[in-house]
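Engineer: After the sequence you'll find the predicted model.
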Amino acid sequence: MSAVRVLGIGSPFGDDQAGWLAVRALEASGAAAGVPGVSLHVLDRPGAGLVERLLDAERVVIVDAARSGAAAGSVCRIEDEALLAREAPLSSHGLGVGAALALARAMGCRAHVVLYAIEIDAPVPGAAPGAAVRAAASAVAAQVAEEIRLRAGERTAGAEPSGRR
Amino acid sequence: MADAPARTVAIEVPALARVEGEGGLSMRIRDGAIESLELRIFEPPRLFEKLLEGRAPDEVPDLVARICGICPVAYQVSALNALESLFGAEPGPWVRAMRRALYCGEWIESHCLHIHLLAAPDFFGCASAIELARAHPEPVRRGFRLQRLGNDLIALFGARSVHPVGARIGGFHRAPAARDVAALRERLEAALPDAEALVRWTAALPLPDDPQDFTCVALRHATDYPIAEGRIVSSDGLDLEPAQYERHFAEHQVPHSTALHSLLGGRAYLVGPLARLNLNLDRLPGPARRLLASTGLEWPSRNMFHSIVARAVEVHVALLEAIRLLDGYRGAAAPFVAARARAGTGFGASEAPRGLLWHRYDVDERGLVARARIVPPTSQNQARIEDDLRRSLSAFGLARDDEALRRHAETVIRNYDPCISCATHFLRFAAERR
């Protein structure tokens, strides 16, 4: 069981690297190094594979690119039940985060799930990510580092013998 | 029993759920008989065959991988078989074995996805995989564990599991590291009990008993269960090289589908796991053969609903084969052989999770693709699905209410695991220039 699993999701196409950049920045910062139970992953579109990665973790942080019409580099943080898909997916080609979480919850997953959605411009094959997306990825990495630090503190406190105050 | 009252019913399923891609079904019943029935595929044509024209052959494996996010390896391997045979490039035993291992990963992930997310809910009266997972969490968890292994096996050779990029003409761009192979092989071995339990679970499902007559078509390999290569055989005695395919199989357009229908000697036929297993029972690895025998089901099977059992058996086969192929793995100093493009026509086939996938490439004097033809399994199964629907719905009882008929029709269609996104890549295109 992972205490904190961080998943950066993306592809090599321009701004779509946002999730990967955030996880690499987090790795470079050393914030997760040596923290027990913390694992960092960069993934291509995991699809149904995301379900399995939600099942055996206490806390899952997903960083992914989004296109909602907001300015590139905007960050939206969504937690837990707000992510749940309202309807079952029509096709496994289109299995998203919400449907994956709904499936995992149905199988008893109790992980606390946080999604950082970094707004991007249209991904362009072969292009480098834009400056706004790079800055947002760094900012998200710093936020996730803080979440890991707090979580590690909670676990340490929780691990203390009950007699100690 | 009283005769069904005379009535005219129109059943419309505007968008089929739990299939890959976008399609629908229209059916008209008049006076107790099916008047018309159309599996409508309206997903727009995706033009892949045209996109390949003018491209260098070494671009083809990465381009065709984009046809499907679920079975990209199948597209790569059929294309590689065609191009390598044209260029006279013999990739050798190491590449053949590793290609088969890569392909096993695709069978595992695609079959597990279909069994648990798409097909199984029908046999438990569940409307969705989420409902099924709530009622039966452990089998669905097991399915996801296996599916992830399949994805990891694809990523081992292809760098990623969706649209992998490791394959090239003559072999692979790089050989995976021995320690990564050993670690994955250990996980595959540990998953064998999951695969065995999956076979037993599917064999015990309350599947409709509905024997039918159909012609099976699949590849056949000299010694092994057919995956990445073989001759094309049928239950009617056909036995062909991939190059002879066009002499026997003909595609035609129907107004209600953007995917071509394919017929063998003017008749519908079946490709996919059930056809493959029916034609290759003697090619099963020993443990898979014994496990299948222990289910008590009779093979070859004429019950189309045994497709889900055949898929589970093939997950077991793929695990056994991947374990065997990766045993004692050593990397290769040169994971590919050099190949030189030459003009001519190359043909290739392999067994995609959904069935026979046939490719043909014409390469011109400049060494570029002049013409490509790709016949995916879902195109080949379309006519069979329509035949099955006519037969199954009549046997189910056309007097039943519309909702029951719609549900049964969807179950019949999903049982074939149609990949509509794969099937709609064609375009009959004629440019008029003045």
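Structural biologist: On my side now, so go ahead.
Engineer: Check which helix or strand the closest residue in space to B:Gly24 that isn't next to it in sequence maps to.
Structural biologist: Excluding its sequence neighbours, the residue lying closest to B:Gly24 (C-beta to C-beta, 6 or more residues apart in numbering or on different chains) is B:Arg40, at 4.5 Å. C-beta: built from backbone N, CA, C; applies to glycine. Secondary structure here is read from DSSP states H and E; on that basis B:Arg40 sits in strand B:33-41.
Engineer: From the contact counts, what lies against that strand?
Structural biologist: For strand B:33-41, the contact count by 3 or more C-beta pairs under 8 Å, 6 or more residues apart in numbering or on different chains; DSSP states H and E identifies strand B:23-30, helix B:377-396 as packing neighbours.
Engineer: Determine which stretch of these is the most buried.
Structural biologist: Of all the helices and strands packed on strand B:33-41, helix B:377-396 carries the top mean neighbour count, a mean of 22, counting by mean count of other C-beta atoms under 10 Å in any protein chain shown.
Engineer: tilt between that one and strand B:23-30?
Structural biologist: For helix B:377-396 against strand B:23-30, the angle between stretch directions is 30 degrees (axes from the mean of the first three to the mean of the last three C-alpha atoms, to 10 degrees).
Engineer: now helix B:377-396 and strand B:33-41, what's the angle there?
Structural biologist: Computed by the same axes, to 10 degrees, the angle between helix B:377-396 and strand B:33-41 is 150 degrees.
Engineer: wait, what's in contact with whatever residue of the stretch 151-300 of chain B ends up closest to chain A?
Structural biologist: Residue nearest to chain A within the stretch 151-300 of chain B: B:Arg160 (4.1 Å; C-beta to the nearest C-beta). Applying C-beta atoms under 8 Å, 6 or more residues apart in numbering or on different chains, we find B:Arg160 in contact with A:Asp44, B:Ile154.
Engineer: next one: phi and psi at it?
Structural biologist: When read as degrees, to the nearest 10, the backbone of B:Arg160 gives phi -160, psi 160.
Engineer: can you give me how far the strand holding B:Arg40 is from the chain middle?
Structural biologist: Average the C-alpha atoms of strand B:33-41, do the same for its chain, and the two points are 24 Å apart (C-alpha atoms, centre = their mean, to the nearest Å).
Engineer: Quick check, pLDDT for the residue nearest to the spatial centre of chain A.
Structural biologist: In chain A, the centroid-proximal residue (C-alpha atoms, centre = their mean) is A:Ile62; its distance is 1.1 Å. Reading off the confidence values, A:Ile62 has pLDDT 95.
Engineer: and if you look at B:Thr424?
Structural biologist: Each residue has a pLDDT score; the one for B:Thr424 is 56.
Engineer: Show me which residues of stretch A:28-36 are buried.
Structural biologist: Of the residues in stretch A:28-36, those with enough neighbours to count as buried (16 or more other C-beta atoms under 10 Å in any protein chain shown) are A:Ala31, A:Ala32, A:Val35.
Engineer: Which residues does that stretch contact?
Structural biologist: The contact list for stretch A:28-36 (C-beta under 8 Å, 6+ apart) reads A:3-4, A:6, A:26, A:38-40, A:141-142, A:144-145, A:148-149, A:152, A:155.
Engineer: if we take these, which one ends up nearest to chain B?
Structural biologist: For the contacts of stretch A:28-36, the residue nearest chain B by C-beta to the nearest C-beta is A:Ser39; the value is 14.9 Å.
Engineer: helix/strand/coil for that closest one?
Structural biologist: When states are read from DSSP: H, G, I helix; E, B strand; the rest coil, the local structure at A:Ser39 comes out as strand.
Engineer: before we move on, what about the one 3 residues further on?
Structural biologist: When the structure is reduced to helix, strand and coil (three-state DSSP), A:Val42 reads as strand.
Engineer: That one against A:Val6, yeah?
Structural biologist: No. A:Val42 is beyond contact range of A:Val6, at 9.5 Å (criterion: C-beta atoms under 8 Å).
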